[in-house]
Structure formats: structure tokens, C-alpha cells
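Student: have a look; sequence and predicted model below, questions after that.
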Amino acid sequence: MSLTRLLVPTYTQMLGMLSGWLKKAQAQVGEEDAEALLSARLAPDMFPLSTQVRFVCVQAREAVFRLKGEAFPESIEELLEEGQNAGDRPGSLRDAQARIDETIALLDGLAPDALDMGTENLIVHELPNGMILDLTAEQYARDWALAQFYFHLMTAYSILRREKVELGKADYVAHMLPYIRPETIPKG
């Protein structure tokens, strides 16, 4: 399978889910309380919801540029800085939705083979602490890009659940509904 056909639909559908969770939170708790959700954390040493949303977007964007072999645009650094400072400046739900929409637009604008640089090509990934990972493009996509994306996505989901937003498994797997055989849907 091509990395574009793996990553782009995955990122797009799950970013859409995240957007839906935020809309659901806003509908359930109201505008003012929904804004307070952005500062909520799972644990004191973890980033707040506003950062998790931004980092979900960062992971998808970074993967695009790494796999295309291109330098990061300034927008990724800005998004990282926003996320790292979100404890003090969480922004608004409108800001969070805008970041999600911008990321989906980037993904939607990609050519069908944009990330298919060759699964064996080397990705050199330097972490903020100075450690360097040497990964093939396939290893990077499988072991880093998707894992980090889902870590921040599920942390956002968990924060919303912890804050009593009524989300359940159906909110997480709604993208699977088109695959259900109609005759297997429970009646009543």
C-alpha cells in the first residue's frame, strides 16, 4: 500500500472526528464552558486539550513534509509554539477548528502519490531532546507518524470524556459506518 493511501485518508477521517468531538462538546456544555475545556488536562504533567488538538495537526503536517522530502513551512513551527504555550494561551474552539480545517485542506490538496517517496528511503528525525531516529519512510509512517498522531488524538478524546462530554465508542468509529452490512444492523 502506498503511504499516501494509508496516511491521508486516516488523517482526514480522524481529524474530522476530532472536529466533531469539539462540536459535540460545545453543544453539550455551551460556549463559555466549552472554552474552559481547552485548558483541561488528563494529568498535571500533560499538555491541555488545546495543545493536544494542535499536536494532532502538527503530526499530520510534519508527516506530509517529511515524506515529501521538503523543509517544514513556518506554519508548523507556529503551530508547535502555539501548542507548547497553550497552557497560558489556550485560544478558542474556533481557533482549534481552524487548525483542523487548515490541516485537512493541506491533506486534500495532495497529489495521489505525494507521500510515496519510496518506503525504503531514509527519514532522519531529530527529537527536541537531541536524539536522532533513523527510519525508513515505511517505519516512520508506521512507528512514528501514526503512533504520535493517535497518541494526541486519543489524549484529546480522553480529556473530553474526563470532562464529562458525552462521547462513546460510536463517536470514535463513526467512519466505519459505511462498511456495515445493512442486514446486520440491530433492529429496535
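Tutor: Now that the structure is in, tell me what you want to look at.

Student: can you tell me the closest non-neighbouring residue to the residue sitting nearest the centre point of the chain?
Tutor: The centre of the chain sits closest to residue 56, judged by C-alpha atoms, centre = their mean, with a distance of 2.7 Å. Closest residue to residue 56 in three dimensions, ignoring its sequence neighbours and counting by C-beta to C-beta, 6 or more residues apart in numbering: residue 152, at 4.5 Å. For glycine as for every other residue, the C-beta is placed from the backbone atoms N, C-alpha and C.

Student: quick one: buried residues of the helix or strand hosting that neighbour?
Tutor: Using DSSP states H and E, residue 152 falls within helix 146-162. Neighbour counts using 16 or more other C-beta atoms under 10 Å place 146, 148-149, 152-153, 155-157, 159-160 of helix 146-162 among the buried residues.

Student: stretch 47-65 now?
Tutor: Along stretch 47-65, these residues count as buried under the neighbour rule (16+ other C-beta under 10 Å): 47-64.

Student: ok, back up a step: if I pick the residue nearest to residue 56, what's in contact with it?
Tutor: The neighbours of residue 152, taking C-beta atoms under 8 Å, 6 or more residues apart in numbering as the test, are 52-53, 55-56, 59.

Student: now do the strands in the chain.
Tutor: Assigned by DSSP state E, the chain shows strands spanning 122-126, 132-136.

Student: ok, of these, where does mean pLDDT dip lowest?
Tutor: Note on those: lowest mean pLDDT is at strand 122-126, with a mean of 92.

Student: sheet-wise, list the partners of that strand with their directions.
Tutor: Strand pairing for strand 122-126, using DSSP bridges, gives strand 132-136 (antiparallel).

Student: now the longest helix along the chain, how far from the centre of its chain.
Tutor: In the chain, ranked by residue count with DSSP state H as the criterion, the top helix is helix 3-37. Its chain's C-alpha centre and that of helix 3-37 lie 9 Å apart, by C-alpha atoms, centre = their mean, to the nearest Å.

Student: what mean pLDDT would you report for that helix?
Tutor: The average pLDDT for helix 3-37 rounds to 92.

Student: same thing with stretch 97-113?
Tutor: 97.

Student: quick check: phi and psi on residue 109?
Tutor: The phi/psi pair for residue 109 (degrees, to the nearest 10) reads phi -90, psi 0.

Student: can you tell me how far it is from residue 74?
Tutor: Per C-beta to C-beta, to the nearest Å, residue 109 is found 18 Å from residue 74.
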